[in-house]
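Enquirer: Predicted coordinates and the sequence they were generated for:
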Amino acid sequence: MVYEHVPVMAREVGQFLNAGPHRRFLDGTLGGAGHSEQILLDSSPDGQVLGLDWDDEALVEARRRLARFQDRVTLRQSSFSAAREILSEIGWHSVHGAILDLGASSHQLRSEERGFSLRSQARLDMRMDRRQALDAYQIVNSFPAAELEKILRTFGEERQARRIAWRIAEARRNKPVETAAELAQLIERVKGSRALGHHPATQSFQALRIAVNQELRHLELFLADGYELLEPNGRMVIISFHSLEDRLVKTAFRKWSRDCLCPPRAPTCHCGWNRKVRLLTRKPIVPSASEIESNPRARSAKLRAVERI
């Protein structure tokens, strides 16, 4: 299968990162390397990029796409939550810019064998890093119904989480739920026909993908002290695709931009905190209508950016 990936809000990312020569950049969600390619072009002749992705197929495509940049590119198979350790490994202590484009890539969602697609006849998988043991098949077929309900409700904001979880538990007593298409049909029978312009299983599939890959946990780890990766005046851009991700990013960026973390009515400051960044986006930037028309995946994207003080 040809690797397809169109970077979301590439123009806006370029404007906020303001890439230039003699600088180092982190692309923590490399994917098809669309953002990295533009950063390398903008930082010619000697800007450098460290690209991270836990998907081996993405790394193969990125190496092909970025081959002409030779030693200006370093790639590693890893989650962005390990960025600090990998920066240290390659002798970088900080970067002048960082980009995270969260969620699954277009390629992953379209790839039949990866089990992300609602129509996939392959085994339920949904692993971004295929080296890990846990996949969606194990969650769907072995987790208690109460745990399934929690996953669907928490990560998918699925209002019918209980009904879906118990229907899955009932179905797997007879035989395992083998494929993504089989699971999607089961959920459709619970919720009824399509509504609101998307398949009734969309939220449940999102929830399972997040659970399999621990996506929010990796984001929380990165946001705990991600500002420390940046040089003074270095910039960070994060694109999220659903409310759970955006809420974490918004909360972290606001915390980083505060002068004090003490309760509002505290008579004196005793927290020891000081402002780490300047907010570049008071409200999230969203894609233009023309971009959404040409790349429907972009419709739910929200971009937030900060600059290190």
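Expert: Now that the structure is in, tell me what you want to look at. Numbering: from 1, shown residues only.

Enquirer: State the mean pLDDT of stretch 295-305.
Expert: For stretch 295-305, mean pLDDT rounds to 92.

Enquirer: Endpoints of that stretch, how far apart?
Expert: Start and end residues of stretch 295-305 are separated by 22 Å (CA to CA, to the nearest Å).

Enquirer: what residues does stretch 120-138 touch?
Expert: 54-56, 77, 79, 104, 108, 112-116, 140, 176-181, 183, 205, 208-209, 212-213 (CB atoms under 8 Å, 6 or more residues apart in numbering). Every C-beta, even on glycine, is put in place using the N, C-alpha and C of the backbone.

Enquirer: How far does stretch 89-100 stretch from one end to the other?
Expert: Counting by CA to CA, the terminal residues of stretch 89-100 are separated by 20 Å.

Enquirer: shift numbering so it begins at 207
Expert: Okay, using 207 as the starting number, the last item reads as stretch 295-306.

Enquirer: Residues contacting it, please?
Expert: With CB under 8 Å, 6+ apart as the contact definition, stretch 295-306 has outside contacts at 219, 223-225, 229-235, 241, 245, 256, 280, 286, 289, 293, 428, 432, 434-437, 439-445.

Enquirer: Following element in sequence after the longest helix along the chain, please.
Expert: Under DSSP state H, the helix in the chain containing the largest number of residues is helix 449-462. On the C-terminal side of helix 449-462, the closest following helix or strand by DSSP states H and E is strand 483-485.

Enquirer: hey, where'd the helices end up in the stretch 357-506 of the chain?
Expert: With DSSP state H, counting those that start in this stretch as the criterion, the stretch 357-506 of the chain has helices at 367-377, 386-397, 408-419, 421-431, 449-462, 495-500.

Enquirer: buried residues in the second one?
Expert: What it means is helix 386-397. 386-390, 392-393, 396-397 (16 or more other CB atoms under 10 Å).

Enquirer: Output these in CSV; the columns should cover pLDDT.
Expert: Listed next are the buried residues of helix 386-397 as CSV, based on pLDDT from 0 to 100:
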residue, pLDDT
Ala386, 93
Ala387, 93
Glu388, 95
Leu389, 96
Ala390, 94
Leu392, 96
Ile393, 96
Val396, 95
Lys397, 92
